[in-house]
Each structure stands twice: as structure tokens, then as C-alpha cells.
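Chemist: No letters, just coordinates:
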């Protein structure tokens, strides 16, 4: 049997969750459960808040405009998020939505927009990023939500980078090779605090690449012989880190 009940509807609720709690949902969530999914009284819904684990709740009787859930029992204990940050130069809306969703699916615990010299979309809608993160978590059985950070410049990020966090960036000038082997050759440990840095569609400029490589915690890796789009490179790099140091081992 699968570890997750993918047939059940999952819902993120920013409220304290405990047995017997009775939660009145807002208009959007009520409309989704009652009018889109057409759930009836007694239907089961799995709810989570990123802190208290996943709970089985039942839909109580009421109006067609206001849904009420009563929590019955703990379905899954809260898991601990991995220590993997995703730092990225923002791209245009549709591709950014995809990047955020895939980063959450790949286990990122923090989403950090970084403004570089070649960034084409300097304005970032943090509310939209958070909505995409919630949607990915709801659909993929994830119990925690990533922190969504305010944008910062690449220079500021590098100047304030913590000494105990490795920074992995995809460098098109690196010789093609095994990225997992490259990561393990640098650090061979059971758990590593890490971040993946993905540049803009035009890549980092030479000065930026020099700044990144000057950081003692930086590791440049290749993702193979092909030039990948930013969103594709993100998935590949996050997978390599999870295999080398994370929860794919």
C-alpha cells in the first residue's frame, strides 16, 4: 500500500490542528470543497499546516457557502524538512510558477529570489510564489512549506553567505561529468546544509561567476553536454544534491 492516500483531497490550512478542532473555511476553500469537488457531509479531507502533521477531517453539515471541517485523527506525524535552499534568478511568470512547484517537490525548504545583472524579471510576486508552493505541497503529499524570501541582489547574498552552507551552482564552463560525484568529492557526509543557485536565462556574467567561485563554500558542477533552460537546470541540480547529500540516498 502507498504511504500516501492520493485518492483523498489534501488541503493546507494555516490554523492550529488538533483532535476535535472545528475549522470554518474561507470563501475560496469552501467553494472548492462544496461546489467544485461537490463533497457531501461526512466526506473525508486530509489537512496540514506545515507544523502539526496531517490530520483526517470530516465535512460537517452547513450551508453551501460555508464549509466546516472537524478534525478526527492524526494521519501522519510531522516530518522534518531537509536543509536545502533554492536560490534563483526570477524568470517570467509561467516558467517561474513551474520552477517554484518543482523546487517544492524536490524538497527545497527555502525559496530565495536573486537579482543578477542579466535577470529579466526583477519584480517578484511573493504571494503568487507562496500559492504555487502550497499547491505543490497539497498535490504531492508534502507536510512542510518552504520559507519564501524577499528578493536580494547576488552581491548581497554572497557577502552574507553563512560559513556552514554549501552553495552549488551550475556552470556551463565546467567540464561535463558526473555532478553527484563532484559533490561527494567535495563533501562526503551524511547530511549537508546546502543551497542550489540557478542563474538567469542569459547565464551569469563573467564578473558574477568570479564572485561565486571566490566563495569558499561554492561548488561548480556541470549538468551534462546540453545547455538547459533555467527551470530544467533547477530540477536537475536539486536532484543531484538530493542524491549526493539529501533524502534520495
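Modeler: Nice, thanks for sending it over. Keep in mind that this is a model prediction, so the values were computed, not measured.
Chemist: all strands of this protein, in order?
Modeler: Under the criterion DSSP state E, the chain contains strands at 9-12, 22-24, 44-48, 54-60, 68-76, 84-88, 110-115, 147-148, 152-153, 166-170, 194-198, 218-221.
Chemist: Nearest residue to the middle of the chain?
Modeler: The structure's the chain has its C-alpha centroid closest to residue 104; by CA atoms, centre = their mean the separation is 2.2 Å.
Chemist: thought that residue was touching residue 144?
Modeler: No - taking CB atoms under 8 Å as the contact criterion, residue 104 and residue 144 are not neighbours in contact, 9.4 Å apart. Every residue, glycine included, has its C-beta placed from N, CA and C.
Chemist: Pull the number of nearby residues for the nearest residue to the residue nearest to the centre of the chain once chain neighbours are set aside.
Modeler: Spatial nearest neighbour of residue 104, excluding adjacent residues (CB to CB, 6 or more residues apart in numbering): residue 136 at 4.0 Å. When counting by other CB atoms under 10 Å, one arrives at 20 neighbours for residue 136.
Chemist: Domain-wise, how is this protein divided?
Modeler: Each domain of the chain is listed here as a residue range: 9-76, 84-244, per automatic domain parsing.
Chemist: How far does the longest one sit from its chain's centre?
Modeler: Here domain 84-244 is found 11 Å from its chain centre; the criterion is CA atoms, centre = their mean, to the nearest Å.
Chemist: Straight-line length of it, end to end?
Modeler: Between the opening and closing residues of domain 84-244 we find a distance of 12 Å, counting by CA to CA, to the nearest Å.
Chemist: tell me the contacts of the residue nearest to residue 104?
Modeler: Residues counted as contacts of residue 136 (CB atoms under 8 Å, 6 or more residues apart in numbering) are 100, 101, 102, 104, 105, 142.
Chemist: among those, who's most crowded?
Modeler: If you rank the contacts of residue 136 by neighbour count (other CB under 10 Å), residue 100 sits at the top with 27 neighbours.
Chemist: Could you find the closest non-adjacent residue to it?
Modeler: Sequence neighbours aside, residue 132 is the residue nearest to residue 100 in space, at 4.4 Å (criterion: CB to CB, 6+ apart).
Chemist: now the helices for this protein?
Modeler: Counting by DSSP state H, residue ranges of the helices within the chain are 27-31, 93-105, 126-139, 154-159, 179-186, 206-214, 230-244.
Chemist: For residue 46, find the nearest of those helices.
Modeler: Of all the helices of the chain, helix 126-139 sits nearest to residue 46, with 9.2 Å by CB to CB.
Chemist: pLDDT below threshold where in this structure?
Modeler: In the predicted model of the chain, residues 1-6, 62-63 satisfy pLDDT under 70.
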